[in-house]
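A.B. asks: after the sequence you'll find the predicted model.
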Amino acid sequence: MSIDRRSFLVASAAGYAGLQLGRPTPVVADGVASASGNAKSVILFFLCGGASHVDTWDMKPDAPSEYRGPFSPIATSSPEIRLCEHLPLVSKQAHHLAVVNSVGGTVNTNDHHAGYYYNLTGHVPDETFKSQGNDRRPYRDDWPFMGSVVSSRAKRQTTLPSAITLPHMPSRKPYTRPGQFAAKLGVEFDPLYVEGSVDDPMVFQAPSLMVSGDVTREQFLSRQELFKTLDQARSQFESSPDVRIWKQHQERTMNLLLASETTTAFDLEQEPQSVRDRYGTSVNAMSLLLARRLVQAEIPFVTVFWKENEKIKDKCKSAGGWDTHGNNFGCLKEHLLPEFDQAFSALVEDLAQRGMLDETLLLVTSEMGRQPKIGDRRSGGVSGAGRDHWTHCQSVLFAGGGIQGGQTYGASDRFGEYPSDHPVTPADITKTVYHATGTRDLIARDSQGRPYSLLDSGHPLTALF
């Protein structure tokens, strides 16, 4: 089924993010979490492309030159944490951070699709990722995105969706990355997707403000007209979800479109200019600021997928993100690290100053690290100064949500190639998110009433709390 066949809603307001990928049989969750952790909300900042751990938060200054690169580590506000010299603002917030340097996320393809899936769901990718490669689409029986699991268990009082993803759905059609949808948990738990623009970073196409197709703003006020439009769109699908799920989507859409809190939450013009300036001017910066506003609106799970800048794609031999196959150090120093440094440090500082950090868990991760040995054949080898894919070791940042800041956990070997001390997996990271949010009920039931666990493997890193 084509993704374009649901184009009548720009931002997936009716929850079609899963429908276009197949129609899973919904499961019935066994209740909600019996208790809550410190974190009422999660902001997941996913650095699309594969951020280089050895050039950022797990530097190896004593490694040979062919590994360590030209960057130097600097002292931070925590005696235990050293970060790259090109992260001076984040370094001032290090006392809030917990840096996990021993994440081993090896996948059978050592590539993006499988890396996304493992880090977003906590489940090891199956053999289809190897046999199908970049043609491997998200399937209806995939394991669910951690954000869908958390938000499906959340208790809340708001008309806004439980999970929101911005400023894009990675990656470009038809190569949509698996792992970012509710899948077998049920399409009603798919995130709401909100689109942002590199060229106009203050504008987000929220469902209450931007609808494509033949729906006009006047029709927002007509429940009958909007439902008619949705029913017409429904007929375009080869087959449709059951009536109960469809009605849930209709109600969700109408409530969202007519809610005053939707317009308020997405209106960045309400933020003082000084606050916007502190975050920066990019779409990723404004996405983090919007994420803070959504947390204030009590959204349980907000995901910010780093949006690539096509203007630097040729320079970095990539899509313009963290997939630095060529000119790794120039792209990091001149583009990626300054943008990340300003925006992420502003988010941590902002949440802390507002007294929101204790109840908001921040997670910074990626689909992989980068190969510690410099040189990628796709960009001319050593002379191209790139780093290839590397799923065998990466780092993850936590802050807030009950996490004790100013610490590191685990370590990689002297080259940064493999975990050596306290090795963990993406399943452990996912379980840590569940622990922080009090998401203890991981049992779901299939259409025949048979129970199964949404994530059997992994253990929360309770030492971080």
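C.D. replies: Perfect, thanks for sending it. Numbers count the residues shown, from 1 in each chain.

A.B. asks: show me what contacts the residue nearest to residue 339 when sequence neighbours are not counted?
C.D. replies: Leaving aside its sequence neighbours, residue 339 sits nearest to residue 282 (CB to CB, 6 or more residues apart in numbering; 5.4 Å). Yep, even glycine has a C-beta here, placed from its N, CA and C like the rest. By CB atoms under 8 Å, 6 or more residues apart in numbering, the contact set of residue 282 is 198, 201, 309, 339, 343.

A.B. asks: isn't the third one right up against residue 336?
C.D. replies: No: under the criterion of CB atoms under 8 Å, residue 309 lies out of contact with residue 336, with a separation of 9.1 Å.

A.B. asks: common neighbours of the two, please.
C.D. replies: Counting by CB under 8 Å, 6+ apart, the common neighbours of residue 309 and residue 336 are residue 321.

A.B. asks: between those two, which has more neighbouring residues?
C.D. replies: Ranked by neighbour count (other CB atoms under 10 Å), residue 309 and residue 336 place residue 336 first, with 27 against 19.

A.B. asks: OK, contacts around the nearest residue to the more buried one once chain neighbours are set aside?
C.D. replies: Leaving aside its sequence neighbours, residue 336 sits nearest to residue 322 (CB to CB, 6+ apart; 6.2 Å). Shown in contact with residue 322 (CB under 8 Å, 6+ apart): 47, 48, 49, 50, 51, 52, 306, 336, 366.

A.B. asks: show me what contacts the last one?
C.D. replies: By CB under 8 Å, 6+ apart, residue 366 lies in contact with 46, 47, 48, 49, 50, 51, 115, 119, 322, 394.

A.B. asks: most neighbours, which of the residues you listed?
C.D. replies: Neighbour-wise, the contacts of residue 366 (other CB under 10 Å) top out at residue 394, 33 neighbours.

A.B. asks: and the residue lying closest to that residue once chain neighbours are set aside, what does it touch?
C.D. replies: Excluding its sequence neighbours, the residue lying closest to residue 394 (CB to CB, 6+ apart) is residue 369, at 3.5 Å. Counting by CB under 8 Å, 6+ apart, residue 369 makes contact with 50, 51, 52, 53, 54, 390, 391, 392, 393, 394, 395, 416.

A.B. asks: ok, and the closest non-adjacent residue to the first one?
C.D. replies: Put plainly, it is residue 50. According to CB to CB, 6+ apart, the nearest residue to residue 50 is residue 368 (4.0 Å).

A.B. asks: over to that neighbour: give its phi and psi.
C.D. replies: phi -170, psi 170 (degrees, to the nearest 10).

A.B. asks: any idea how far it is from residue 323?
C.D. replies: Distance, residue 368 to residue 323, using CB to CB, to the nearest Å: 9 Å.

A.B. asks: helices - which of the contacts of residue 366 land there?
C.D. replies: When the contacts of residue 366 are checked against helices (DSSP state H), the matches are 115, 119.

A.B. asks: got the contacts of residue 366 as CSV, with distance to residue 178 columns?
C.D. replies: Listed next are the contacts of residue 366 as CSV, based on distance: CB to CB, whole Å:
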residue, distance to residue 178
46, 14
47, 18
48, 14
49, 16
50, 16
51, 20
115, 10
119, 11
322, 19
394, 18
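
A.B. asks: residue 117 reaches residue 179, doesn't it?
C.D. replies: Yes: with contact defined as CB under 8 Å, residue 117 reaches residue 179; the gap is 3.8 Å.

A.B. asks: between those two, what contacts are shared?
C.D. replies: Common neighbours of residue 117 and residue 179, counting by CB under 8 Å, 6+ apart, are 142, 143.

A.B. asks: follow-up on the earlier one: and the residue nearest to residue 339, how close does it get to residue 128?
C.D. replies: Per CB to CB, residue 282 is found 35 Å from residue 128.

A.B. asks: pretty sure residue 352 belongs to a strand, no?
C.D. replies: No: counting by DSSP: H, G, I helix; E, B strand; the rest coil, one finds residue 352 to be helix, located in no strand.

A.B. asks: residues contacting it?
C.D. replies: Neighbouring residues of residue 352 by CB under 8 Å, 6+ apart: 93, 96.
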